[in-house]
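In: the following block contains a protein sequence and its predicted model.
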Amino acid sequence: MATSELILSVRDYDLSATLDSGQAFRWHRQGAAWSGVIGQRWVRLEPLPEGIRAQTMVPVADWTWLTDYLQSQVDLAAILESFPVDPPMQAAVAACPGLRLLRQDPWECLASFMLSSTKQIVQIRQIISLLCERHGEAVTTPAGLAPARAFPTPERIARLSEAELRDCKMGFRAPNVLAAARRIASGEFHLERIRALPHATARAELMRLRGVGGKIADCVLLFAYGFNAAFPVDVWIKKALQELYFPRRRAPEKRLQYFAATHFGEHGGYAQQYLFHYMRTRKRPNSRD
């Protein structure tokens, strides 16, 4: 089936938890395996006792694009050891063994989380699926499988109308995504420059984009750029912090924000993802917000 195949030798990697934990929205389960599109490549990932089997339909000489995306070289044990030793955090770690953070393309990550505002995960996936189906470039898939498309570039989206984006069920998010795409496509806003900025400066720079608040900026910093201290605080994280850390009194939002920024350390973003997935799988909510 595949033109290229690789066995990634990696331990303590829960592929399902990682791909289905609200970080990315384009992965589809196929039995024990998952299929999706990374950049311009259709990919099938299958967990094995010795690691992860990766298959794609185009020749591959260098698999760095995949190992970077999956963050398979990260020392997960060292990150977990940096977490605060408290009962809620330890419970989240115990419930989500092998959960990793992905390193996504900045534009796709930014646009995806702009589209996530006030939406449930299933709805976010539907919007992104429509956007890619109608405006993304076709990628090669195995015979017999449904066609797959890449996430449309800023340049492609910049040429669309607001009405065309609204037809993808974006609603009020359409003008925000269109404005961001046009600023990026024109060279007015440089996504690659974010990588070299200090954390606070990078966050403020992203928030200059229309429709990007603190939570969206933190998600992009964490899931696309690897700012591991970024700690996105959404509705479910607020509930997690309130229920797990302040069970006897209602903490004001500013107190929760300060606690999140100071309690979880240099890998606070990883801790956030464990808490989010712990609450999501324990209570089965459907929303990233």
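Out: Arrived safely.
In: got any ranges where the stretch 1-150 of the chain has weak pLDDT?
Out: 1 (pLDDT under 70).
In: who's in contact with the closest residue to L48 other than its chain neighbours?
Out: In space, and not counting its chain neighbours, L48 is closest to I7: 6.9 Å by C-beta to C-beta, 6 or more residues apart in numbering. All C-beta atoms are positioned from the backbone trio N, CA, C, and that covers glycine. Going by C-beta atoms under 8 Å, 6 or more residues apart in numbering, I7 touches L48, E50, G51, I52, R53, A54.
In: can we see that at 7 Å?
Out: Neighbour list for I7: L48, E50, G51, R53 [criterion: C-beta atoms under 7 Å, 6 or more residues apart in numbering].
In: so it bridges to which residues?
Out: Per DSSP bridges, the residues bridged to I7 are R53.
In: for G36, grab the count of nearby residues.
Out: 17 (other C-beta atoms under 10 Å).
In: again, but for E162
Out: E162, neighbours per other C-beta under 10 Å, totals 13.
In: repeat for R166
Out: That count, for R166 with other C-beta under 10 Å as the rule, works out to 15.
In: with adjacent residues omitted, what lies nearest to K238?
Out: L256 (5.9 Å).
In: which residues does T67 contact?
Out: T67 neighbours (C-beta under 7 Å, 6+ apart): L8, Q73.
In: out of the contacts of I7, which is nearest to R11?
Out: G51 (7.5 Å; C-beta to C-beta).
In: how about that closest one, phi and psi?
Out: Dihedral pair for G51: phi 150, psi -130, per degrees, to the nearest 10.
In: moving C-terminal from the helix or strand harbouring P88, which element do we reach first?
Out: Taking DSSP states H and E as the criterion, P88 maps to helix 87-95. The first helix or strand that comes after helix 87-95 along the chain, using DSSP H and E, is helix 106-114.
In: packing partners for that next one?
Out: helix 174-185, helix 214-223 (3 or more C-beta pairs under 7 Å, 6 or more residues apart in numbering; DSSP states H and E).
In: quick one on the thing from earlier: show me which residues of the helix holding P88 are buried.
Out: P88, M89, A92, V93 (16 or more other C-beta atoms under 10 Å).
In: just stretch 174-185 next, same as before
Out: A174, N176, V177, L178, A179, A180, A181, R182, R183, I184, A185.
In: please apply the same query to stretch 253-272.
Out: L256, Q257, F259, A260, H263, F264, H267, G268, G269, Y270, A271, Q272.
In: what's the answer for stretch 152-161, then?
Out: Buried-residue list, stretch 152-161, by 16+ other C-beta under 10 Å: P152, T153, P154, I157, A158, L160.
In: what sits against the fifth one?
Out: By that I understand A158. Applying C-beta under 7 Å, 6+ apart to A158 gives the contacts A181, R182, A185.
In: closest to V37 among these?
Out: A181 (18.6 Å).
In: my read: that closest one touches I157, true?
Out: Yes - with contact defined as C-beta atoms under 7 Å, A181 reaches I157; the gap is 3.9 Å.
In: R193 should be in a strand, yeah?
Out: No - counting by DSSP: H, G, I helix; E, B strand; the rest coil, R193 is not part of a strand but helix.
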